[in-house]
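**Student:** what follows is a predicted protein model with its sequence.
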Amino acid sequence: MKHKATDPMTSSSIIARFLKDGWLWNNSIEMQESMSLSEKGWQVEVAWRDAYTDDGTCIGIGVFANENISTGTVLRRGLLGRNLLVFDSKTIIPITKDKSSAEYLKNYAHVCPCNVDDQDQSMVVWLPGSGLNHSVDPNTRKICNEEGVYYLATRNIAEGDAITCDYGMYGVAPSWFTDMLEERLGSKDCMFQGFNDFV
């Protein structure tokens, strides 16, 4: 099930606002507190707080389980045109005019899972972003369906555990995307392999 770029005219209010106005929040915590978990598509109780590497380095905020979660549980549903925007080099223009929107895409956009194997140039971004940090031993994976994308727990996740994903599974960074980041931000740093310190 390949997803193509979302028509902004059929998008929900949060996507329409993002396309029109760009970055909608002052910081990541405000972003997470701007909507309820159910409004964001979360099916389980989670919370956001500072996340740290094993050596004690803060890597920004991460998302943590606020309940015990069983293997196979759907954690968050991303619905096309509601809390999930699929875009490509043509539809990105209106959402990258300001630096903060490009920064948002740098931190939260990736190739749609159903497009990775085909090396499709379409990308996906959640609104608001999920906040999952990278792990070489992740406890989730992303699955595509007709409605969009969802996170699935690949093993039991205990209350208090970080919810993680493998950034290496996001495919290859499209050159149009890294070129846009360099033009807007002066750097190609992003979530893709070869463009960050984690993968």
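**Tutor:** Now that the structure is in, tell me what you want to look at. Values in this document were obtained by computation on a predicted structure and should not be read as measured data. Numbering: from 1, shown residues only.
**Student:** got phi/psi on T178?
**Tutor:** Main-chain dihedrals, T178, degrees, to the nearest 10: phi -70, psi -30.
**Student:** my guess is it contacts N196. True?
**Tutor:** No - at 11.6 Å, T178 does not count as touching N196 under the criterion of C-beta atoms under 8 Å. Every C-beta, even on glycine, is put in place using the N, C-alpha and C of the backbone.
**Student:** so A47 bridges to which residues?
**Tutor:** As for beta bridges, A47 partners with F64 under DSSP bridges.
**Student:** ok so, going back, list residues touching both of T178 and N196?
**Tutor:** Listed as contacting both T178 and N196 by C-beta atoms under 8 Å, 6 or more residues apart in numbering are C190.
**Student:** more crowded one of those two?
**Tutor:** Between T178 and N196, counted using other C-beta atoms under 10 Å, the more crowded position is T178 (18 against 15).
**Student:** show me the contacts for the more buried one.
**Tutor:** Counted by C-beta under 8 Å, 6+ apart, T178 has contacts 188, 190, 192, 195.
**Student:** show the contacting residues for the first one.
**Tutor:** Right, the one you point to is K188. Neighbouring residues of K188 by C-beta under 8 Å, 6+ apart: 173, 178-179, 181-182, 195.
**Student:** and the lowest-mean-pLDDT helix or strand in the chain, C-alpha only, in CSV?
**Tutor:** Ranked by mean pLDDT, DSSP states H and E, the weakest helix or strand in the chain is helix 13-21, scoring a mean of 79. The C-alpha trace of helix 13-21 is given here as CSV (Å, rounded to 0.1, in the frame of the first residue of the first chain):
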residue,chain,number,x,y,z
SER,A,13,-7.3,21.4,10.6
ILE,A,14,-3.9,20.7,12.2
ILE,A,15,-2.4,19.7,8.8
ALA,A,16,-4.1,22.6,7.0
ARG,A,17,-2.7,25.0,9.7
PHE,A,18,0.8,23.5,9.4
LEU,A,19,0.7,23.8,5.6
LYS,A,20,-0.5,27.4,5.9
ASP,A,21,1.5,28.7,8.9
